[in-house]
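S.K.: with the input below, show me the fold.
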Amino acid sequence: MVREDTNHGEGSISNSILIILIDLEFELLTYHKSYLYPPQAGVRGLEKMEANKDNLHLYNTRLQPFANALRKRMTKAEACLWKFALRASQLKGYPFRRQRPVLNYITDFMCKDLMLIIEVDGITHQDEKVIANDKRRQADLENAGFTVLRFTDNQVLKSMTGVIAELEEWIENYEASKGHPPTPASGG
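M.R.: Model prediction:
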């Protein structure tokens, strides 16, 4: 997981080092067996886990400190999407959470009511290794019952109205497929 540093002002080098250290720690945690939740797929005797309110949508408490750190250091595109589209139930009344630990991952944004995860991908997501990790991550999240929508930094920063329109269309299709709109929960 590599985060782009959008702060090019004073202290950006120390901020970049902090981000790299957080990313290294996160990678170590991912491979440390005691931090895996749920246990890795393919382990004998384990069944597919579906995210639901009974299991807190597969919330991973062990990743909470890393999620808090990432929440404080969102990329410019993440911050814009949060501020102008997702914060305070702005998107059709649905509450979203930012930097939400799910399974072994920290998702950019998640709506429990819609079982929707939104990822904002920067330039680092064009690397082959990162693309492979994104595919595995998306498959794991989809197997848990989530839908994952991806947008690039460029889409968010240069066409926010297009991104919002695409999200609203997805929500309308979701509501129509359920036969009636689900009532957004207050507080997410």
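S.K.: so Gln99 sits in a helix?
M.R.: No: assigned with DSSP: H, G, I helix; E, B strand; the rest coil, Gln99 falls outside any helix and is strand.
S.K.: close enough to count as contact, it and Met110?
M.R.: No: the pair Gln99 / Met110 is not scored as a contact, 9.1 Å apart, by Cβ atoms under 8 Å. Every C-beta, even on glycine, is put in place using the N, C-alpha and C of the backbone.
S.K.: check which element follows whichever strand or helix holds Pro65 along the chain.
M.R.: Element membership for Pro65 (DSSP states H and E) is helix 64-72. Heading C-terminal from helix 64-72, the first helix or strand you meet, by DSSP H and E, is helix 76-81.
S.K.: got a pLDDT number for Glu175?
M.R.: As predicted, Glu175 sits at a pLDDT of 93.
S.K.: for the helix holding Pro65, which positions count as buried?
M.R.: Neighbour counts over helix 64-72 (16 or more other Cβ atoms under 10 Å) mark Phe66, Ala67, Ala69, Leu70 as buried.
S.K.: again, but for stretch 54-67
M.R.: Residues His57, Leu58, Tyr59, Asn60, Leu63, Phe66, Ala67 are the ones in stretch 54-67 that count as buried (16+ other Cβ under 10 Å).
S.K.: try stretch 108-126
M.R.: Going by neighbour count (16+ other Cβ under 10 Å), the buried part of stretch 108-126 is 108-122, 125.
S.K.: next: stretch 93-102.
M.R.: Neighbour counts over stretch 93-102 (16+ other Cβ under 10 Å) mark Tyr94, Pro95, Phe96, Arg97, Arg98, Gln99, Arg100, Pro101, Val102 as buried.
S.K.: can you put the residues you listed in TSV and add distance to Gly145 and pLDDT?
M.R.: TSV is the format used below for the buried residues of stretch 93-102 (distance: Cβ to Cβ, whole Å; pLDDT from 0 to 100):
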residue	distance to Gly145	pLDDT
Tyr94	17	96
Pro95	18	96
Phe96	17	97
Arg97	16	96
Arg98	20	96
Gln99	20	96
Arg100	14	94
Pro101	16	94
Val102	11	91
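S.K.: pull the most distant pair out of those.
M.R.: Farthest pair in those (Cβ to Cβ) is Tyr94 and Pro101. Separation: 19.6 Å.
S.K.: might you report the residue contacts of the nearest residue to Arg100 once chain neighbours are set aside?
M.R.: Spatial nearest neighbour of Arg100, chain neighbours left out: Met110 (4.1 Å); criterion: Cβ to Cβ, 6 or more residues apart in numbering. Neighbour list for Met110: His57, Phe96, Arg97, Arg100, Val102, Leu116, Ile117, Ile118, Phe146 [criterion: Cβ atoms under 8 Å, 6 or more residues apart in numbering].
S.K.: if we ignore the residues flanking it in sequence, what's nearest the third one?
M.R.: Looking back up the chat, that one is Arg97. Among residues not flanking Arg97 along the chain, Met110 sits closest, at 5.1 Å (Cβ to Cβ, 6+ apart).
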